[in-house]
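# Structure of the sequence below:
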Amino acid sequence: MQHYRPIHQLFRQAAVVDRQLALVRPFASLATVTNNTSNLKENTNLSNRQKFNQIQPPIKLYEKLEKLGFGTLLKTKRYSGLHKQKAKRDQQRQKFTERVGPPPEPKYTFPLLSFFAGAKAPTSFPPESLDEIAFVGRSNVGKSSLINSVAESNVVRTSDKPGLTQQINFYNVGKLFHMIDMPGYGFAFVDDAEREQWRQLMETYITERKTLKRVYVVLDARHGVKVADIDFFKMLNSKQVKFQIVLTKCDLLVLPNLAKRIITVENHIQQLRNAVKDVVVVSSKTNAGINQFRKEMLFLMGHLKPKEFYEAVQATKDEKEAKKSKSLNSKR
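Coordinates of the predicted model:
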C-alpha cells in the first residue's frame, strides 16, 4: 500500500523552497516586468532614425548584396563579428566545392523593347494577348529608368520632373510578354481631379486585366516606404493582386544602410498575403542587381532558358564586337 505524506509537510517544504528562491533573487518576477516595461518605453520613445540604426542585418543579406554588386563591408572593428561569420561560412562552403561562392551568372537578355499602345481610359486598353508585368510607383522614384535598364533600351521617356507618365503605356518585349509603365501615384504636378482619374485608371487595369501576372512597386531606396506606398500596398492586397517591391537608386546608400532599408521594407509587407516577401534591389546607374532582376522576370514569365543559351548569345556579341574593333583599328 502506497503511503502519502501529510499535506502540512508538503506546505512546509514549499515554504522553505520559496524562502530559498527569495534569498537567491528577491523580487525576480517584479524586476522582469519592470525591465520589460522600461524597455518598451525606451523603444516607443526612439525616433525612426534611431530605430533604423539599431537594426542588425544578418550576414546572409550582406552576402547577397555583395554578390549583386553593391560593394563589401569595410574592414573595421564595427563589422569584425560579421567578417568572422563570413569567413566561417566560406570555410564550410569550401568543404563541398572549390569555390567560395556560387558560379558566376551569364548575362540574361531580353528581345527588343517597343511601344505599341497607350491608354488614358479603360476603353483604350489593347486586347489581352501576351502575359503582362506592370511597373508602378510614386513619382520620380526611377521607374522609367529601371524599365530602360532591364530592357537595355532608351524607349521609355525619362525626366526629373514628376508626373511625366500620364497614361498607361504598353511595351512589347519581342514576342515574349508585355511590360506596362503606369502613372506615378502620390505627389505629381497635376491637379486633384487628374490624379483621381489616374488612380481610377490604374485600379481598373489592375483589377480587370486577366493577363497581368505581377505588379512591381518601385520605391526609392533612400526614402523607403511612405504613407502613399502603404495605401497602395493595401489596395493591391485587397484586390488579390500579386506584387513585389523593387528598390531603386540603391547605389546611393552605403551597404549597411541598404541592408537595413531592405529589412524595414520587408517588415511593412510581412502581413500582406499577396506581397512577394523577397525585395528586389537594383541600381540603374551602376547596373548592380539588374541582371539578376532580368533573370527573375524571365523565369516568372516562363521564358528563362538554360545558361548555355545566354552564354552562346554573349559569345556571338563579343565576337562581333571584336571584329568591329579590329576593322576600325585596321582603317586607322
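# contacts, neighbours, all on C-alpha from now
OK.
# Now do Ala22, the pLDDT please.
For Ala22, the pLDDT comes out at 39.
# Use 316 as the first number from now on
In the new count, where the first residue is 316, that last one comes out as Ala337.
# In a strand, Leu534, correct?
Yes. Counting by DSSP: H, G, I helix; E, B strand; the rest coil, Leu534 is found in a strand.
# Tell me what the residue nearest to it when sequence neighbours are not counted is bridged to.
Leaving aside its chain neighbours, Leu534 sits nearest to Leu562 (5.0 Å; criterion: C-alpha to C-alpha, 6 or more residues apart in numbering). Leu562 has the following beta-bridge partners by DSSP bridges: Leu534, Val596.
# Surely Leu562 touches Asp535?
Yes. With contacts counted by C-alpha atoms under 8 Å, Leu562 reaches Asp535, the gap being 5.7 Å.
# who's more crowded, those two?
Leu562 (27 against 20; other C-alpha atoms under 10 Å).
# Where do the strands of the stretch 316-465 of the chain begin and end?
428-434, 447-452 (DSSP state E, counting those that start in this stretch).
# So which residues make contact with the last one?
Yep, that's strand 447-452 we're talking about. Here strand 447-452 makes contact (C-alpha atoms under 8 Å, 6 or more residues apart in numbering) with 458, 492-500, 526-534, 544.
# For it, which strands pair with it and how are they oriented?
Strand 447-452 has the following strand partners under DSSP bridges: strand 492-496 (parallel), strand 527-535 (parallel).
# now swap in the longest one and tell me
The strands beside strand 428-434 in its sheet (DSSP bridges) come out as strand 483-488 (antiparallel).
# just to revisit the earlier point, packed most tightly, which of the strands of the stretch 316-465 of the chain would that be?
With neighbours taken as mean count of other C-alpha atoms under 10 Å, these reach their highest mean count in strand 447-452, at a mean of 23.
# as a whole number, average confidence for that strand?
The model assigns strand 447-452 a mean pLDDT of 95.
# mind giving me the domain split of the chain?
As assigned by automatic domain parsing, the chain contains the domains 322-360, 428-620.
# Can I get those in CSV including distance to Lys401?
Converted to CSV, these look like this (distance: least, C-alpha to C-alpha, whole Å):
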stretch, distance to Lys401
domain 322-360, 30
domain 428-620, 15
